[in-house]
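Novice: Fold the stuff below for me.
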Amino acid sequence: MKNILESHYVQEMIEATSNMYRLGWDERNGGNISYLLSEEEVSEYINLNQVIRHIPLEFDGSELVGNYFITTGSGKYFKNVKSKPAECLGLFRIANSGKELELLWGFDNESLPTSELPSHLMSHIARLKVDSQHRIVMHCHASHLLAMSFTHSLDPRDFTRTLWQMCTECLVVFPEGIEIIPWLVPGTTEIGMATAEKMQTARLVIWPYHGIYGSGTTMDEVFGLIETAEKAAQVYTYVQAQGGVKQTITDENLIQLAERFGVTPKANYLTD
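Specialist: Purely as a prediction, here's the structure:
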């Protein structure tokens, strides 16, 4: 067997968590990532028949039975993933019952997967129904988006339009816009269901006063998706501090941009 620490997915998890901590998006044990893997990717590095332990799943994961995931652990600091990957990360398979995880690697010292795992799995289910190439769900506390949820209208259309107007690339990167759920207690089935519902039509979902959920096909795509929205929120913060908008990207400009890059803005978000 190859050394799993050299696998592309462990290395991607280390790089992503390190960068998210460096950017201040994941203080302490804030934030979590889950990565859907193929059996071929996993079997190169571990014995699929050697289950380390069974972990109860507080969610019916029947739709994901047999699928493999690597995720961050509960209470684990992103700054420690690089030095303690086998404790801060875990790779598991959804058991046939759909009610437990079969741990195949990691989560040393009786560690457990992130408490947001049900929310992640619900979002994976939702995104796979609209994108068969989907693989990543990422949650973080991106600072400027978090701040913006206190000062800006939480209407998804208003929020999206402001971000599109702050950086020219935003419409191209997330033409479907951003969705927003009400404030809900994290780690609950309720917040997972609300997030998954929004994931049916968008790859970015704001948790007001908390953070953001992003999804996509690769780690780079999802990281870049959140990074772009966060940069726009940062520009918004600077603009407000400088006295507010005096000129901006117009709807006509945004329509021209969409035509140039072959993207379709969310319906009714721009004035014809």
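Novice: can you give me the strands in the stretch 1-150 of the chain?
Specialist: Under the criterion DSSP state E, counting those that start in this stretch, the stretch 1-150 of the chain contains strands at 32-37, 53-56, 68-72, 89-94, 100-106, 136-140.
Novice: mind listing what the first one pairs with, with the direction of each?
Specialist: Sheet neighbours of strand 32-37, with direction, are listed as strand 68-72 (antiparallel), strand 136-140 (antiparallel) (DSSP bridges).
Novice: Let's test this: mean pLDDT of that strand, rounded?
Specialist: Taken as a whole, strand 32-37 has a mean pLDDT of 98.
Novice: Just the terminal-to-terminal distance for stretch 209-228.
Specialist: With Cα to Cα, to the nearest Å applied, stretch 209-228 spans 19 Å between its terminal residues.
Novice: tell me which residues in stretch 29-47 are buried?
Specialist: By 16 or more other Cβ atoms under 10 Å, the buried positions in stretch 29-47 come out as 29-37, 41-42, 45-46. C-beta coordinates here come from the backbone N, C-alpha and C atoms, glycine included.
Novice: Just send the residues you listed back as CSV, with distance to Glu197 too.
Specialist: As requested, the buried residues of stretch 29-47 are exported to CSV (distance: Cβ to Cβ, whole Å):
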residue, distance to Glu197
Asn29, 27
Gly30, 24
Gly31, 22
Asn32, 19
Ile33, 21
Ser34, 18
Tyr35, 22
Leu36, 20
Leu37, 25
Glu41, 29
Val42, 30
Tyr45, 35
Ile46, 34
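Novice: List just the nearest of these to Ser143.
Specialist: Gly30 (11.1 Å; Cβ to Cβ).
Novice: ranking the strands paired with strand 32-37 by burial, who's on top?
Specialist: Of all those, strand 136-140 has the most neighbours on average by mean count of other Cβ atoms under 10 Å, namely a mean of 29.
Novice: State the pLDDT value of the nearest residue to Gly75 once chain neighbours are set aside.
Specialist: Nearest residue to Gly75, sequence neighbours excluded (Cβ to Cβ, 6 or more residues apart in numbering): Asn29, at 4.9 Å. Note on Asn29: pLDDT of 93.
Novice: I'd say Asn29 and Tyr77 touch.
Specialist: Yes: Asn29 is within contact range of Tyr77, at 5.4 Å (criterion: Cβ atoms under 8 Å).
Novice: Quick check: which element contains the residue nearest to Asn19 when sequence neighbours are not counted?
Specialist: Distances taken as Cβ to Cβ, 6+ apart place Phe223 nearest to Asn19, at 7.1 Å, with adjacent residues excluded. Element membership for Phe223 (DSSP states H and E) is helix 219-241.
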